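**Q** Have a look; sequence and predicted model below, questions after that.
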Amino acid sequence: MFTSSRKLETEQDLYDYALRILMRRAHSVHEMKKKLRGRADSELLAQVVLARLKEGGKLDDSRYAKQFTRTRTEVRKQGKFRIARDLRARGVPDRHINEAIAESAETNDEAAAVRQRIERKLRSFRGEISDKKFASIYRSLLAAGFPSDLIRRELKSLTREELPIPESDPNDEV
């Protein structure tokens, strides 16, 4: 059904292939390495092209992590835990992830993003807001990568009630 992609034999062909990939979206070094290995005729050729991309400033994990973090916080309104997890999955080193998240925290208010998401969720609910609906909001905010204490504080400020403490949160560890 699917044919394997044609192996590229020259450095220039592989470099052009890498540039076409980068025109569509930014990639981490790890992602690009996987793509190049899949198309390169030899491992050495993939390493040469990867080094050329890094030297030319086309690939930079630090810049990629900052751009990724900025997009995820400002556009998608995601929390730091989710962003860190997604960057790790893309092979970005922790030092770049921590730096990008710290830089983003200086300019973005995580509590405001949580409030925005809660208000949007509440507008979609019909009728009385039950415990089930609060639990749904809580889970969706956890999945979006926000800290549980911040979620509880913002939900409490909206309801003026004490919320139950969950048993354990997988997002509390970073």
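**A** Okay, I see it.

**Q** how about low-confidence regions in the chain?
**A** Along the chain, the model assigns pLDDT under 70 to residues 1-4, 160-174.

**Q** at 80 what do you get?
**A** Scanning the chain for pLDDT under 80 picks out 1-5, 126-129, 158-174.

**Q** need the helices for it, in chain order.
**A** Under the criterion DSSP state H, helices of the chain are mapped to 11-24, 29-39, 43-55, 61-74, 80-89, 94-107, 110-124, 131-143, 148-159.

**Q** Would you convert the ones you listed into a markdown table that also reports distance to residue 5?
**A** Backbone N, C-alpha and C define where each C-beta goes, glycine included. Below are the helices of the chain laid out as a markdown table (distance: least, CB to CB, whole Å):
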| stretch | distance to residue 5 |
| --- | --- |
| helix 11-24 | 10 |
| helix 29-39 | 6 |
| helix 43-55 | 14 |
| helix 61-74 | 24 |
| helix 80-89 | 23 |
| helix 94-107 | 30 |
| helix 110-124 | 40 |
| helix 131-143 | 34 |
| helix 148-159 | 44 |
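
**Q** okay, the ones you listed in a markdown table with mean neighbour count next?
**A** Output for the helices of the chain, formatted as a markdown table (neighbours: other CB atoms under 10 Å):
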| stretch | mean neighbour count |
| --- | --- |
| helix 11-24 | 15 |
| helix 29-39 | 17 |
| helix 43-55 | 16 |
| helix 61-74 | 19 |
| helix 80-89 | 19 |
| helix 94-107 | 16 |
| helix 110-124 | 15 |
| helix 131-143 | 16 |
| helix 148-159 | 16 |
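
**Q** and for stretch 12-32, what are the contacting residues?
**A** 8, 35-36, 39-40, 45-46, 49-50, 52-54, 58-59, 61, 64-65, 67-68, 87, 90-92 (CB atoms under 8 Å, 6 or more residues apart in numbering).

**Q** Keeping just the C-alphas, turn that stretch into CSV.
**A** Taking C-alpha atoms only, stretch 12-32 is exported to CSV below (Å, rounded to 0.1, in the frame of the first residue of the first chain):
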residue,chain,number,x,y,z
GLN,A,12,22.6,18.7,-1.2
ASP,A,13,19.5,16.6,-1.8
LEU,A,14,19.2,15.7,1.9
TYR,A,15,19.8,19.4,2.9
ASP,A,16,17.1,20.6,0.5
TYR,A,17,14.7,17.9,2.0
ALA,A,18,15.5,19.3,5.5
LEU,A,19,14.8,22.9,4.4
ARG,A,20,11.5,21.9,2.9
ILE,A,21,10.6,20.2,6.3
LEU,A,22,11.6,23.4,8.2
MET,A,23,9.5,25.6,5.9
ARG,A,24,6.4,23.8,7.0
ARG,A,25,7.1,24.1,10.8
ALA,A,26,10.0,24.4,13.2
HIS,A,27,11.6,21.1,14.4
SER,A,28,13.8,20.2,17.3
VAL,A,29,17.2,18.7,16.7
HIS,A,30,15.9,15.3,17.7
GLU,A,31,12.9,15.4,15.4
MET,A,32,15.1,16.5,12.4
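
**Q** That's all I had, so thanks and see you.
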